[in-house]
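1. Build me a model from this:
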Amino acid sequence: MTSFCPELDVASQGATFEDAKANLTEAVELLLEVASDEEIRRRHSTN
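-> Here you go, the predicted structure:
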């Protein structure tokens, strides 16, 4: 399964829907922890 957050252009995958959703949540959290405000604005504004 794959999951996608179009607002931030982040994707992830997992063996099940629940795994894919959990992995996507983790990927978005990590992005928000490490990305600059400029990067987040750029990702959000291109969608």
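
2. Past the helix or strand where Leu31 lies, which element shows up next along the chain?
-> Using DSSP states H and E, Leu31 maps to helix 17-34. For helix 17-34, the following helix or strand on the C-terminal side (DSSP H and E) is helix 37-45.

3. Can you check what angle separates that following helix from helix 17-34?
-> 140 degrees (axes from the mean of the first three to the mean of the last three CA atoms, to 10 degrees).

4. Could you list the buried residues of stretch 10-22?
-> By neighbour count on 16 or more other CB atoms under 10 Å, the buried set for stretch 10-22 is Val10, Ser12, Ala20. The C-beta positions use only the backbone N, C-alpha and C, and glycine is treated the same way.

5. so the first one makes contact with Asn23?
-> Same thing as Val10. No. If you go by CB atoms under 8 Å, Val10 and Asn23 don't touch, sitting 10.2 Å apart.

6. Can you tell me the closest non-neighbouring residue to Asp9?
-> Arg43 (4.9 Å; CB to CB, 6 or more residues apart in numbering).

7. Looking at the buried residues of stretch 10-22, which is nearest Val28?
-> Closest to Val28 out of the buried residues of stretch 10-22 is Val10 (5.5 Å), distances taken as CB to CB.

8. what sits opposite that closest one in the beta ladder?
-> Taking DSSP bridges as the rule, Val10 bridges to Cys5.

9. any idea which helix or strand of this structure has the worst average confidence?
-> None of the helices or strands of the chain scores lower by mean pLDDT, DSSP states H and E than helix 37-45, at a mean of 92.

10. Name the residues that touch that one?
-> Contacts to helix 37-45, defined as CB atoms under 8 Å, 6 or more residues apart in numbering, come from residues Glu7, Leu8, Asp9, Val10, Leu31, Leu32, Ala35.

11. buried stuff in that helix?
-> Buried, per 16+ other CB under 10 Å, within helix 37-45: Arg43.

12. Can you give me the distance of Met1 to Ser36?
-> Using CB to CB, to the nearest Å, Met1 is found at 30 Å from Ser36.
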